[in-house]
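Undergrad: Based on what follows, work out the 3D shape:
(2 chains)
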There are 2 protein chains.
Amino acid sequence: MTSQPQDLGQARQGMPDNLAIARDALLRPIEEIANRLGVPGEMVEPYGRGIAKLDLAALGALAKRQRARYVVVSAITPTPLGEGKTTTSIGLVQGLQQLGHSATVALRQPSMGPALGFKGGAAGAGYSQVVPMERINLHLTGDIHAVSSAHNLLAAMVDNHLHHRLGLDLDPETIGWQRVMDINDRALRHIVTGLGPSADGVTRQSSFEITAASEVMAVLALATSLADLRSRLGRIRVGFTRSGEPVTAEQIGAAGAMTVLLKEAIKPNLLQTLEHAPALIHTGPFGNIAHGNSSIIADRIGLLGGEYLVTEAGFGADMGAERFFNIKCRASGLTPDAAVLVATVRALKFHSGRYAMLPGKPLPSAMLRESPEDVRAGSANLVKQIDNLRIHGVTPVVAINAFPSDHASEHAAIRDIAEAAGVRATVSSHVREGGVGALDLAQAVVEAADGGSNFRFLYPDEMPLDAKIACIATRLYGAADVSFSPEARRQIDSYQQQGHGHLPVCIAKTHLSLSSDPALRGAPTGWTLPVREVRLSAGAGFVYALCGDIRTMPGLGRDPAAAHLDIDDNGEITGLF
Amino acid sequence: MTSQPQDLGQARQGMPDNLAIARDALLRPIEEIANRLGVPGEMVEPYGRGIAKLDLAALGALAKRQRARYVVVSAITPTPLGEGKTTTSIGLVQGLQQLGHSATVALRQPSMGPALGFKGGAAGAGYSQVVPMERINLHLTGDIHAVSSAHNLLAAMVDNHLHHRLGLDLDPETIGWQRVMDINDRALRHIVTGLGPSADGVTRQSSFEITAASEVMAVLALATSLADLRSRLGRIRVGFTRSGEPVTAEQIGAAGAMTVLLKEAIKPNLLQTLEHAPALIHTGPFGNIAHGNSSIIADRIGLLGGEYLVTEAGFGADMGAERFFNIKCRASGLTPDAAVLVATVRALKFHSGRYAMLPGKPLPSAMLRESPEDVRAGSANLVKQIDNLRIHGVTPVVAINAFPSDHASEHAAIRDIAEAAGVRATVSSHVREGGVGALDLAQAVVEAADGGSNFRFLYPDEMPLDAKIACIATRLYGAADVSFSPEARRQIDSYQQQGHGHLPVCIAKTHLSLSSDPALRGAPTGWTLPVREVRLSAGAGFVYALCGDIRTMPGLGRDPAAAHLDIDDNGEITGLF
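TA: You can find the predicted model right below:
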């Protein structure tokens, strides 16, 4: 849900804008939606109109119910505009509902920072939206702010430890715990703190990242209970002593208070789609340095609340779905029954390598010409991403997310590519039509889930960290090889020695290519993945490898979306898309 | 509500702690509490158990109802432990309710940062608390976070303006808009931002303040409608162009988005006291560089919702009540009907000058000895603060906030001092007994409000800024004179020239003395108020004068409260007082 909304460019001719559609929606009482999930009323805590938090006791209350089919929605490698995983996830549950099934969608909470930076929100589009969209795109129930608070409390306590020389002999040079803020603010990327008189702290180089990049966010997404959250937070590593011993949040004395600050945030947020299907919007970890999936707890509740739980995994299947399988499912013990791979005409044309696209800009008009040939020229990416799902024992359904500018011949081309690869593809027009536009997709997913999956992890726990990285790079990304910088090599060795070798890995690379070079389209081969640095998220429970330029604090553009936001004379929001 | 809770030291022998009392409380449904205020159900938005936001439409729905009596609660100059204005305000409405009146209390939302820094929360104490206290002391409904977001968005847009050179020719040296965070973090008091490559912003010296110090918080507290909020935010001054023209948030293009970010935060939060009286907890501006009062909108709703609206004003009567009268009532057009002045045995002993007290430390045991003589030795402060209220045409009732360590002879001494000054004093034991402990106080307030007030501002709008400062200093603080630094003088002149001379002034000085020297007890005379700097809060609509050392970003101590917070095996919070 961090990518660009679907309505950029020419996609939405003749349709009201997202905010207008969302505002005209008649919401059902959220208690009614919760009731449909089977969550007892006393476990439903309304948070403003149409939004409720679900008490974790719901897990116990629903424990005896049959588990729903678990469907993960991923995509081919997207263009800078995004290919509509969120709208497809929403459209799919609406389609399933139209077929008479009970279905819930689980999505990440979008960062507020980027929503104010680029034009547009991230709660779906057209007639496949979650509402109330203004709340989703702004503070929702404050979970991201709670993550910021917990994160920054730990940062303040770390600096306080240095300031008062509180016993741990923490080495200031080794502190890897930055501060976070949910605002796009490039001026905070490199800062010096603790200037001024000695009463004002110890001087250090530091930085701010956007809150979605906080390990606390990944921890919250992967926690399976409040007690698990508490112990994961305690394991967070903030730095080292001068004698080289790791120092954790537990040792700083912050983990209890951080848990207290997250006591409400751990409860999933329940909303509804425009067609009143339950929507769980919960946690928003980054899709590069973290696993980019919504919370395990939300999925667990959703899985006990109906026949289908559809969850979106960030970025392309090589990234979001890979982490869904190897990080999230490892932590949850849950296994998927089916997968959806979203493909678009524009993305396949993009992978032809014949067009350039820029974030925040409309499509080049040449891309709008009817050209099944362009689509076929980009087919390698689709084929590879289908394979990336099948490697995990899950055969996807390809969802062709239809745009008004598409041509039937182009849809047919995608269908042919998919069928040649042995998978089913259906056109879905959920943005323009809502659930009825996704009936074929829903039917295909029902059949795929009935067929079941042979889910398997890509690698076993005991595989060494460098081999895990190489395994993902060569088997999923199509790399010929992996190169480790001396620093990365040293880091991997130390994590192995310190007993973290069993952890899964998360590879932070561009999401705009299967490779680590955003300029490479299609399914590049023969390239080497350059691992610059490897970091440990001991609390979240993974190691992440930095490959290429990964920015964890976005900046604002010359004309940020925030400059267009306002209220009108009726107090209604204007300028949110 | 930012001062220390009443249960520090020996005050609470034999009583369960605040959290235990609060947790055992049986909350009534918040809809029932709202109904008691007369707010229609569709304007009540629950935010978790026992908490609701009230839609501003409630102001219209209640417009024809009779206005309640408006009672402001202030105090003598407090000790570092605080004298219980919050508990007295809560106890008073519970007492009024016991007498058969409908009464609402309006309080500031406490900062979360200090709640994690010092031991203890700020939602009242004992049997005069607002519940659920865990939520009040943590995120509540996220309003403070929304203020942080709006504030920091403007900061990011200012730096973005510099980075992209967006036309206003903003002079980086003149930027007075810092960033904020609701965490006690001394390392952020003096920072340098925008380091690194030029893509990472323009390098500047900067700082973080705690969110309560944000002008956005003062703006939110003083706004009378969403449209008024919008225009106040637009008037915020962030710096100057190189040619010396002021630059506003409106010119930066941030004011609309800031309003959108505050759209939920402008709605007052409704909770209840332990005896189910309505409690409006809304906004928390600083008590020194800002006016330290809860919101006008909450007061307005509360005034239409019953017979009495009791609101607390921060710090002593020289500060909180003065600003309530001259800043808040000026902005609201409302006038008070009665005032309560909280006094304690310990504070009067403190003002004898015979004892030293430190924040976070228990009382010196010598202060616990029976000594009406010590109380009489501190009487000058009480007499002066009574006078400070009477200058505004409001005769206070003195509330003697009883502690278990008090002696009857000491209470009698306070009563004698008050009566000699011509005002009534009653002992109130609301902390140990709830509303029944405040019956005498409630009765006295009813009679005082029946008598009415002759409210008047201390100074007219047209008085020049320097004269306003001198007026407050000499008439309320007891200063012999005021000295202005050359910078302060220059600033005052420029504000006068720029058309801000009509604004009220807010004097930022220590709250621990009537003077600007925290070491001076009682009612010091013959001293000079040193005005170091004068700043403009053009959005909030006041000018503030810095006198002495005013810290706008607290630090954590060697043993912060956060280190004692945790959850137990049942998921309940421990260590919050």
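
Undergrad: Quick one: the strands in the stretch 401-550 of chain A, in order.
TA: Along the stretch 401-550 of chain A, counting by DSSP state E, counting those that start in this stretch, strands occupy A:425-428, A:481-484, A:505-508, A:528-531, A:533-537, A:542-546.

Undergrad: How far away from the center of its chain is the first one?
TA: The reference is to strand A:425-428. Remark: strand A:425-428 is offset 23 Å from the chain centroid, using CA atoms, centre = their mean, to the nearest Å.

Undergrad: Chain B contacts on the stretch 201-350 of chain A?
TA: Selection of the stretch 201-350 of chain A residues close to chain B by CB under 8 Å from any CB of the partner chain yields A:201-202, A:204-205, A:226-227, A:230, A:253-254, A:256-257, A:259-261, A:263-264. For every residue, glycine as well, the C-beta is placed using N, CA and C.

Undergrad: now the strands of the stretch 401-550 of chain A as a markdown table including mean neighbour count, mean pLDDT and distance to B:Ser513?
TA: Below are those laid out as a markdown table (neighbours: other CB atoms under 10 Å in any protein chain shown; pLDDT from 0 to 100; distance: least, CB to CB, whole Å):
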| stretch | mean neighbour count | mean pLDDT | distance to B:Ser513 |
| --- | --- | --- | --- |
| strand A:425-428 | 24 | 98 | 71 |
| strand A:481-484 | 17 | 98 | 63 |
| strand A:505-508 | 26 | 97 | 55 |
| strand A:528-531 | 21 | 98 | 61 |
| strand A:533-537 | 22 | 97 | 50 |
| strand A:542-546 | 25 | 97 | 54 |
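
Undergrad: Let's see stretch A:218-227 as CSV, backbone CA atoms only.
TA: Once non-C-alpha atoms are left out, stretch A:218-227 reads as follows in CSV (Å, rounded to 0.1, in the frame of the first residue of the first chain):
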residue,chain,number,x,y,z
ALA,A,218,8.4,-4.9,11.8
VAL,A,219,8.2,-6.3,15.4
LEU,A,220,4.6,-5.2,15.7
ALA,A,221,3.7,-6.8,12.4
LEU,A,222,5.4,-10.1,13.3
ALA,A,223,4.3,-10.4,16.9
THR,A,224,1.9,-13.2,17.6
SER,A,225,0.8,-12.0,21.1
LEU,A,226,1.4,-9.1,23.5
ALA,A,227,3.9,-11.3,25.4
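
Undergrad: tell me the average confidence for that stretch?
TA: The average pLDDT for stretch A:218-227 rounds to 98.

Undergrad: re earlier: please produce TSV containing the strands of the stretch 401-550 of chain A, extended by distance to A:Gly522.
TA: TSV is the format used below for the strands of the stretch 401-550 of chain A (distance: least, CB to CB, whole Å):
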stretch	distance to A:Gly522
strand A:425-428	18
strand A:481-484	19
strand A:505-508	19
strand A:528-531	17
strand A:533-537	28
strand A:542-546	23
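
Undergrad: need the ones you listed in JSON lines with distance to chain B, can you?
TA: Formatted as JSON lines, the strands of the stretch 401-550 of chain A follow (distance: least, CB to the nearest CB, whole Å):
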{"stretch": "strand A:425-428", "distance to chain B": "32"}
{"stretch": "strand A:481-484", "distance to chain B": "25"}
{"stretch": "strand A:505-508", "distance to chain B": "19"}
{"stretch": "strand A:528-531", "distance to chain B": "20"}
{"stretch": "strand A:533-537", "distance to chain B": "17"}
{"stretch": "strand A:542-546", "distance to chain B": "17"}
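
Undergrad: closest one to A:Gln498 among those?
TA: strand A:533-537 (8.4 Å; CB to CB).

Undergrad: Which secondary structure elements does the closest one sit against?
TA: helix A:486-497, strand A:542-546 (3 or more CB pairs under 8 Å, 6 or more residues apart in numbering or on different chains; DSSP states H and E).

Undergrad: Give me the distance between the two termini of stretch A:470-487.
TA: Length of stretch A:470-487, first residue to last, CA to CA, to the nearest Å: 17 Å.

Undergrad: what's the distance between it and the middle of its chain?
TA: Taking CA atoms, centre = their mean, the mean C-alpha location of stretch A:470-487 is offset from the chain mean by 23 Å.

Undergrad: and what of stretch A:161-173?
TA: Distance of stretch A:161-173 from the chain centroid (CA atoms, centre = their mean) equals 35 Å.
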